[in-house]
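Peer 1: Sharing a model that was predicted from the sequence below.
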Amino acid sequence: MAEFSCPIYLIEDGAPYHRSQFVNEFKEEMISQERLFVCRLPFYSPDKNPIEKLWGTTKRDATHCKYFPAFEDLRAAVLKAFNTYMIDATKVISTMTKLRAEAGLA
């Protein structure tokens, strides 16, 4: 919040840490200052959660139907996919664009 002067829109899922007393107090303070707007995803809605879409892409590209003789091989494949996203964000942008279109926002 310290880095931005514009309002922040937070989309949160049902994770328990989003409802802790400390987090709720912080959110209430920021909401009262109109610095934060919170949108809660419906219960069990992975289809609307952007990170779930990106995990699906990662699984498809890095692990689907592949054999990994050791955990480190699996880890290396996933990290390679993540590094690809860091170097070239087109897959991330494509995933988010599809999600926006599905939501009728594009």
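Peer 2: That came through, no problem.
Peer 1: Could you use CA atoms for every contact and neighbour count after this?
Peer 2: Will do.
Peer 1: quick one: low-confidence ranges for this protein?
Peer 2: Along the chain, the parts satisfying pLDDT under 70 run over 44-48, 105-106.
Peer 1: Would you mind giving the domain segments of it?
Peer 2: What automatic domain parsing lists as the domains of the chain is 8-40, 47-102.
Peer 1: Out of those domains, which is closest to A2?
Peer 2: Of all these, the one in closest proximity to A2, counting by CA to CA, is domain 8-40 (10.5 Å).
Peer 1: Quick check: buried residues in that closest one?
Peer 2: Residues 13, 27, 30, 35-36 are the ones in domain 8-40 that count as buried (16 or more other CA atoms under 10 Å).
Peer 1: mind checking the end-to-end distance for that domain?
Peer 2: The first and final residues of domain 8-40 sit 14 Å from each other (CA to CA, to the nearest Å).
Peer 1: Repeat that for stretch 34-42.
Peer 2: Rule used - CA to CA; the end-to-end distance of stretch 34-42 is 23 Å.
Peer 1: Which residues does that stretch contact?
Peer 2: The contact list for stretch 34-42 (CA atoms under 8 Å, 6 or more residues apart in numbering) reads 5-14, 27, 30-31, 48-49.
Peer 1: now for the buried residues of domain 8-40, which pair is the farthest apart?
Peer 2: Among the buried residues of domain 8-40, the pair separated by the greatest distance (CA to CA) is D13 and R35, at 19.7 Å.
Peer 1: hey, where'd the helices end up in the chain?
Peer 2: Here the chain has its helices, by DSSP state H, at 21-32, 50-58, 71-87, 90-102.
Peer 1: The third one to helix 50-58, inter-axis angle?
Peer 2: An angle of 120 degrees separates the directions of helix 71-87 and helix 50-58 when computed by axes from the mean of the first three to the mean of the last three CA atoms, to 10 degrees.
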